[in-house]
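Enquirer: 3D model of this:
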Amino acid sequence: MKKMLKKCVLSVVLLVFYNCFFGVAVSAQTRDSLLRVYNNETIHSFGKFYILGSKQFTLGGLKPEFTAGITKDLYKKSRTNLFFGRALTVTAVAALITGAIVKKDNKSAALALSIVGIGLNLSSFHFRKKSKELIDQAIWFKNKEILFGPQP
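Expert: Numbering: from 1, shown residues only. Below is the predicted model of the structure:
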């Protein structure tokens, strides 16, 4: 009876040890593969640059990543807002420079151009901020789809 009890206890201990070891190995494999996917396939944002795997992109370089659905729409809206923001910045700088040049001859025109330049510059900040918000949303949706699969 003692031999049989020892065999049962030993079998249970080995079974528990095996399950613990096997469970850790499976968990480590899943964790490693998820970490690999996270590092190599998700997009990370750092200011005006974006990292995908070991490559660095600007906003224009990310176009192939957003090919369908809501991410494509968000990407297009982001590009459009960025274009308007840049155009307004250039126009604002031109107005401010023109205002500085005209200041000697016509102070009221210089003041008007300066006010217009400041207003255009503030508007450009709005469009650039909106562009950043939209591309961050698109990246979030893309990364969520990569890590968790397509959502219904």
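Enquirer: the longest helix in this protein is where?
Expert: Longest helix in the chain by number of residues, with DSSP state H as the criterion: helix 107-148.
Enquirer: tell me the secondary structure of residue 67, please.
Expert: The assignment at residue 67 comes out as coil when based on DSSP: H, G, I helix; E, B strand; the rest coil.
Enquirer: can you list the domain ranges for this structure.
Expert: Residue ranges for the structural domains of the chain, counted by automatic domain parsing, are given in the record as 1-41, 59-148.
Enquirer: deepest-packed of the ones you listed, please.
Expert: Highest mean neighbour count among the domains of the chain (mean count of other C-beta atoms under 10 Å): domain 59-148, with a mean of 16. For the C-beta atoms, the positions are set from N, CA and C on the backbone; glycine is no exception.
Enquirer: quick one: average confidence on that one?
Expert: Taken as a whole, domain 59-148 has a mean pLDDT of 92.
Enquirer: from one end of it to the other, what's the distance?
Expert: Counting by C-alpha to C-alpha, to the nearest Å, the length from the leading to the trailing residue of domain 59-148 is 24 Å.
Enquirer: same question, stretch 103-110
Expert: Between the start and the finish of stretch 103-110 there is a gap of 5 Å, counting by C-alpha to C-alpha.
Enquirer: now tell me what touches it from outside.
Expert: 99, 100, 102 (C-beta atoms under 8 Å, 6 or more residues apart in numbering).
Enquirer: go again using 10 Å as the cut-off
Expert: The contact list for stretch 103-110, computed with C-beta atoms under 10 Å, 6 or more residues apart in numbering, reads 96, 98, 99, 100, 101, 102, 111, 112, 113, 114.
Enquirer: and for stretch 70-84?
Expert: Here stretch 70-84 makes contact (C-beta under 10 Å, 6+ apart) with 48, 59-60, 62-63, 65-67, 123-124, 126-145.
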